[in-house]
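1. need a 3D model of the following:
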Amino acid sequence: MSSALLARPEMRGLLAKRMRKHLIISVICSSLVAVSYKFFVAEPRKRAYAEFYKNYDPMKEFEAMKNAGVLESAKPK
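-> Coordinates of the predicted model:
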């Protein structure tokens, strides 16, 4: 007869081991996502805003909107 006894499954502390493993994996994944978001989304956006406002003249934009009739409170001359 070749019916070998199976080893008893480990039940004590099984949830704690699985939770520890999944917690470590989730912390690593969320850290990777946060770092990649910072370098691939936030930094390019920050550079684009800095480049835009380097040569931005708000009075020129105001005059352009006023002459186009966008602003009702300011009449074009």
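2. where does this structure have low pLDDT?
-> The chain contains residues with pLDDT under 70 at 1-3, 76-77.
3. quick one: the helices in it, in order.
-> Using DSSP state H, the helices of the chain run over 14-37, 43-54, 58-68.
4. mind putting the ones you listed into CSV with distance to residue 7?
-> The C-beta positions use only the backbone N, C-alpha and C, and glycine is treated the same way. What follows is these, written out as CSV (distance: least, CB to CB, whole Å):
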stretch, distance to residue 7
helix 14-37, 14
helix 43-54, 53
helix 58-68, 75
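5. redo those as a markdown table? Include mean neighbour count.
-> Converted to a markdown table, the helices of the chain look like this (neighbours: other CB atoms under 10 Å):
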| stretch | mean neighbour count |
| --- | --- |
| helix 14-37 | 10 |
| helix 43-54 | 10 |
| helix 58-68 | 11 |
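6. relative to residue 29, how far out is residue 17?
-> Note on residue 17: its distance to residue 29, by CB to CB, to the nearest Å, is 19 Å.
7. kindly report the same for residue 70.
-> Residue 70 is 46 Å from residue 29, where distance means CB to CB.
8. next: residue 46.
-> 25 Å.
9. residue 53 now?
-> Taken as CB to CB, the span from residue 53 to residue 29 is 35 Å.
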